[in-house]
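Student: sharing a sequence plus its predicted fold:
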Amino acid sequence: MAFDKDLLTGKLLSHLYPRHKVRAEGFERIEKPFTNYFDVATSNIPFGDIAVFDPELIQSGNPIKKMTTISLYSLYQ
């Protein structure tokens, strides 16, 4: 299964890999049945001002997990 926020890239992926499920949306939109389903998730590092939204990480109380939801762009300003 692949996720890509860019519609054009998502379409290209679906044509290159027709037997695989490709979704042109962010990974944060994944449904509950897939929670803890994947062993590995890889990504390009989002250098823009977009932060990762994951309510479980934000509400975890763990400062390290909470820090992973901050955009990288804001860390280097």
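Tutor: Ah, there it is.

Student: what's the domain layout of the protein?
Tutor: Domain assignment of the chain by automatic domain parsing yields the ranges 1-31, 45-77.

Student: quick one: pLDDT of the residue nearest the centre of the chain?
Tutor: With distances taken as C-alpha atoms, centre = their mean, F27 lies nearest the centre of the chain, 3.5 Å away. The model reports F27 with a pLDDT of 76.

Student: phi, psi for the spatially closest residue to it that is not a sequence neighbour please.
Tutor: Closest residue to F27 apart from its sequence neighbours, by C-beta to C-beta, 6 or more residues apart in numbering: F3 at 4.4 Å. C-beta here means a position set from N, CA and C on the backbone, and glycine is covered the same way. Main-chain torsions, F3, degrees, to the nearest 10: phi -120, psi 140.

Student: count of neighbours near the nearest residue to R23 once chain neighbours are set aside?
Tutor: Nearest residue to R23, sequence neighbours excluded (C-beta to C-beta, 6+ apart): F3, at 5.1 Å. Neighbours of F3 under the rule other C-beta atoms under 10 Å: 18.

Student: hang on, F3 packs against K21?
Tutor: No: F3 lies out of contact with K21 (C-beta atoms under 8 Å); the separation is 9.5 Å.

Student: what sits up against stretch 5-13?
Tutor: Identification of contacts with stretch 5-13 by C-beta atoms under 8 Å, 6 or more residues apart in numbering yields 2, 4, 20, 22-26.

Student: please repeat the previous calculation with a cut-off of 6 Å.
Tutor: 2, 4, 22, 24, 26 (C-beta atoms under 6 Å, 6 or more residues apart in numbering).

Student: the residue nearest to R23 contacts I30, correct?
Tutor: No: at 7.5 Å, F3 does not count as touching I30 under the criterion of C-beta atoms under 6 Å.
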